[in-house]
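Enquirer: Provided below for reference: sequence and predicted model.
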Amino acid sequence: MKVLGVETSCDETAAAVVVDGEQVLSSVVSSQVDLHAAFGGVVPELASRAHVELLTPVIAEAMLEAGVEGRDLGAVAATVGPGLVGSLLVGLSAAKALALVWGVPFVGVNHLEGHIYAAFLEEPDLEPPLVVLLVSGGHTMLIAMEAHGRYRLLGATLDDAAGEAYDKVARYLGLGYPGGPAIDALALEGDPSAIDFPRGLLREGYDFSFSGIKTSVVTYVRKHPSVGTADVAASFQEAVVDVLVTKAQRAAAEIGATGIVLGGGVAANSRLRERILDACIADGLRAFLPSRAMCTDNAAMIAAAGWWRLRSDGPTPLGAGADPGLGLPLITT
Amino acid sequence: MIILGIETATLQVGCAVGGVEGALASFTATRGRRHAETLVPAVQFVCAQAQVDLDEVSVVAVDVGPGLFTGLRVGVATAKALALALRVPMVGLSSLDLLAFALHHTDGLIATVVDARRGEVFAAMYRPVPGGVQRVAEPRVCSPGDLAGELMAMGEDCLLVGDGAVRYASSFDDARHLSIADGAFAHPSPAALVQLAHARAVREEFVQPSELEPMYLRKADAEINWERRARV
Ligand SMILES: [Zn+2]
């Protein structure tokens, strides 16, 4: 079944056509990064305006590239949350209209579940139980995926998301926005062991805390004004990655996972990928590292997650709305 | 020629389907569930009531504002997607034009006033002409007080219409020449949208979905602050 996916939860306008949740026929992403860069972060009103302008051409391009017509589709899936409400409403409204005209089911998709299914697009033989490490500008979550659609939350950040810590430190170091790629690139030229930044909650449970490390960076740079920025970037990154990898590795051993899945924007970080891969090789686990294109927000992952949700829950009513605070559907028993 | 009209520029969510004879079915709700939840089921409803198959629709018309940004975008995004999927052209009409058109049987000046929140209104002025209205002052965003002053200075009888006129009625109270149209006319009519869009469609005044944009008339706050900062 071919599914059209639509994603507009933040600052990427995206559409994609995916077959059976695994074969990507097209994936078009129109990024607004340049639009927001001058403001040092995503401006919700500007994002919503850009989605209205870009979405129809992006959908048309995804359909054309995939060589499909509306009547070839089995469903239209769109992100309904979490995200910026004004942005979500643009994609959701368009997707429902398309589903109505084409007479196919509409499926509302959880953006976080989309990030998990990005891994399945590239590794269709992936088998739960898995440990999922979801890291982005808005989220840091460690999840046990017991089966398709069955998630147990092991831990989450108590304060800043990992990506948020990257953005804040990058801003402090004058590296601009977005911070992740800037620090990642600069860290390659630095010594990761130059400065021993704190590893928050390293040995305790599965929760994370990243607010302290930003303060440590500021304090250190003030005390040592001559320190090389590359060393600061590399050492900061090493501290963050250390915590993420240690906890994911421990979780995988505890639940008997077959592998570790990385998802979310920070999953594109080269040091994180390298360290997860090393940890998985050491423990005889499989490492599922989505390609860089699949780490950032895209609609192929929404189409894939939508295909699975349609199979398990059926269509979403056309009267559905957006839910900006939507959480991952968790099992608690 | 069947026209499907989408109207979500104010608190009201509406849609209508019709043709040369005007609207065949229309829906409006000013209170209840939000625009995004209501609109697509409402489109389904009016088409079913009018016994119109979506495939018969040859033009999608939409109210492009000005109005409340979030609702407006729901309507424009929905209308663009409908047009894309149906492979039909679009007609975009202003909320202010629609409000004035409903009063075209009046004599004298018409001022259309849409609530812009934050103590401001979107407004434009019109004169009745045979079969419709003609815009005599371009849409702008201003305070109700400034608008009242401008209208009084013109020294003619003027009928104000729209949810902004109702909300800020006290601003227009003192002026001798000004009167406010009944609340029944306070929101743009999806039936009027279909009727006006039909006339445009006959003249083939179309836009493509990729070209149609909402009329915001106000920049995003971040841009306003940015420009202010850049100036100092
Ligand atoms: Zn995301």
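Expert: Alright, I've got the coordinates.
Enquirer: can we go C-alpha only for contacts and neighbour counts from here?
Expert: OK.
Enquirer: What parts of chain B come near chain A?
Expert: Within chain B, the residues that sit near chain A (Cα under 8 Å from any Cα of the partner chain) are B:36-38, B:40-41, B:44, B:54-55, B:70, B:73-82, B:84-86, B:209-210, B:213, B:220-222, B:226.
Enquirer: Just the buried subset of those, please.
Expert: B:36-38, B:40-41, B:44, B:54, B:70, B:73-82, B:84-86, B:209-210, B:213 (16 or more other Cα atoms under 10 Å in any protein chain shown).
Enquirer: and these, which of them are in strands?
Expert: Using DSSP state E, no member of those falls in strands.
Enquirer: so which helix or strand takes in whichever residue of the stretch 1-150 of chain A sits closest to chain B?
Expert: As assessed by Cα to the nearest Cα, chain B sits closest to residue A:94 within the stretch 1-150 of chain A, at 4.7 Å. Element membership for residue A:94 (DSSP states H and E) is helix A:85-102.
Enquirer: repeat for residue B:17
Expert: Going by DSSP H and E, residue B:17 is in strand B:13-19.
Enquirer: name the helices or strands packed onto that strand?
Expert: If you count contacts as 3 or more Cα pairs under 8 Å, 6 or more residues apart in numbering or on different chains; DSSP states H and E, strand B:13-19 packs onto strand B:2-7, strand B:22-29, helix B:35-49, helix B:190-202.
Enquirer: what are the pairing partners of it, and which direction each?
Expert: strand B:2-7 (antiparallel), strand B:22-29 (antiparallel) (DSSP bridges).
Enquirer: in stretch B:159-170, what's buried?
Expert: Neighbour count says stretch B:159-170 has B:159, B:160, B:161, B:162, B:163, B:164, B:165, B:166, B:167, B:168 buried, by 16+ other Cα under 10 Å.
Enquirer: Reformat those residues as CSV; add secondary structure and pLDDT.
Expert: Shown next, in CSV, are the buried residues of stretch B:159-170 (DSSP: H, G, I helix; E, B strand; the rest coil; pLDDT from 0 to 100):
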residue, secondary structure, pLDDT
B:159, strand, 95
B:160, strand, 96
B:161, strand, 97
B:162, coil, 97
B:163, helix, 96
B:164, helix, 97
B:165, helix, 96
B:166, helix, 95
B:167, helix, 95
B:168, coil, 96
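Enquirer: of all the residues you listed, which two lie farthest apart?
Expert: Using Cα to Cα, the two most remote members of these are B:159 and B:167, lying 15.0 Å apart.
Enquirer: Which residue ranges of chain B form helices?
Expert: Secondary structure of chain B (DSSP state H): helices at B:35-49, B:69-86, B:95-101, B:144-154, B:163-167, B:190-202, B:221-231.
Enquirer: If you average the pLDDT over stretch B:7-22, what comes out?
Expert: For stretch B:7-22, mean pLDDT is 96.
Enquirer: now stretch A:131-138
Expert: On average, stretch A:131-138 scores 92.
Enquirer: What lies in contact with it?
Expert: A:112, A:115-116, A:140-145, A:161-164, A:167, A:244, A:248, A:251-252, A:257, A:259-267 (Cα atoms under 8 Å, 6 or more residues apart in numbering or on different chains).
Enquirer: Select from the residues you listed every entry located in strands.
Expert: A:140, A:141, A:142, A:143, A:144, A:145, A:259, A:260, A:261, A:262, A:263.
Enquirer: Most widely separated two among those?
Expert: The farthest-apart pair in these, when distances are taken by Cα to Cα, is A:140 and A:259, at 18.4 Å.
Enquirer: export the ones in strands among the contacts of stretch A:131-138 to CSV and tack on distance to residue B:145 and neighbour count?
Expert: Formatted as CSV, the ones in strands among the contacts of stretch A:131-138 follow (distance: Cα to Cα, whole Å; neighbours: other Cα atoms under 10 Å in any protein chain shown):
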residue, distance to residue B:145, neighbour count
A:140, 50, 28
A:141, 52, 25
A:142, 56, 26
A:143, 57, 27
A:144, 60, 26
A:145, 60, 24
A:259, 66, 23
A:260, 63, 29
A:261, 60, 28
A:262, 57, 28
A:263, 54, 30
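Enquirer: Helices of chain A, start to end?
Expert: A:33-37, A:44-66, A:85-102, A:111-122, A:162-172, A:179-187, A:211-223, A:229-255, A:270-283, A:292-295, A:300-313.
Enquirer: Kindly calculate the angle that the fifth one makes with helix A:211-223.
Expert: Comparing the axes of helix A:162-172 and helix A:211-223 via axes from the mean of the first three to the mean of the last three Cα atoms, to 10 degrees yields an angle of 20 degrees.
Enquirer: now helix A:162-172, how far from the chain's geometric center?
Expert: Distance of helix A:162-172 from the chain centroid (Cα atoms, centre = their mean, to the nearest Å) equals 16 Å.
Enquirer: Show me which residues of it are buried.
Expert: Buried, per 16+ other Cα under 10 Å, within helix A:162-172: A:162, A:163, A:164, A:165, A:166, A:167, A:168, A:169, A:170.
Enquirer: Need the max-distance pair from those residues.
Expert: Counting by Cα to Cα, the most remote pair of the buried residues of helix A:162-172 is A:162 and A:170, 12.4 Å apart.
Enquirer: got a list of what residue 106 touches?
Expert: Went with chain A since none was named. Residue A:106 makes contact with A:75, A:76, A:77, A:78, A:95, A:96, A:99, A:315, A:316, A:317, A:318 under the criterion Cα under 8 Å, 6+ apart.
Enquirer: actually chain B
Expert: residue B:128.
Enquirer: For it, grab phi and psi.
Expert: phi -80, psi 170 (degrees, to the nearest 10).
Enquirer: now it: how far from residue B:137?
Expert: 18 Å (Cα to Cα, to the nearest Å).
Enquirer: for residue B:98, same thing?
Expert: 15 Å.
Enquirer: Determine the set of other helices and strands touching the helix or strand of chain A with the lowest mean pLDDT.
Expert: Of all helical and strand segments in chain A, the minimum by mean pLDDT, DSSP states H and E falls on helix A:33-37, at a mean of 84. Counting contacts by 3+ Cα pairs under 8 Å, 6+ apart, helix A:33-37 packs against no other helix or strand.
Enquirer: same thing but 10 Å
Expert: Applying 3 or more Cα pairs under 10 Å, 6 or more residues apart in numbering or on different chains; DSSP states H and E, one finds that helix A:33-37 contacts helix A:44-66.
Enquirer: burial of the nearest residue to residue B:26 once chain neighbours are set aside, as a residue count?
Expert: For residue B:26, ignoring the flanking residues on the chain, the nearest one in space by Cα to Cα, 6 or more residues apart in numbering or on different chains is residue B:16 at 4.0 Å. When neighbours are counted by other Cα atoms under 10 Å in any protein chain shown, residue B:16 registers 30.
Enquirer: With chain A as the reference, measure out to residue B:16.
Expert: 15 Å (Cα to the nearest Cα, to the nearest Å).
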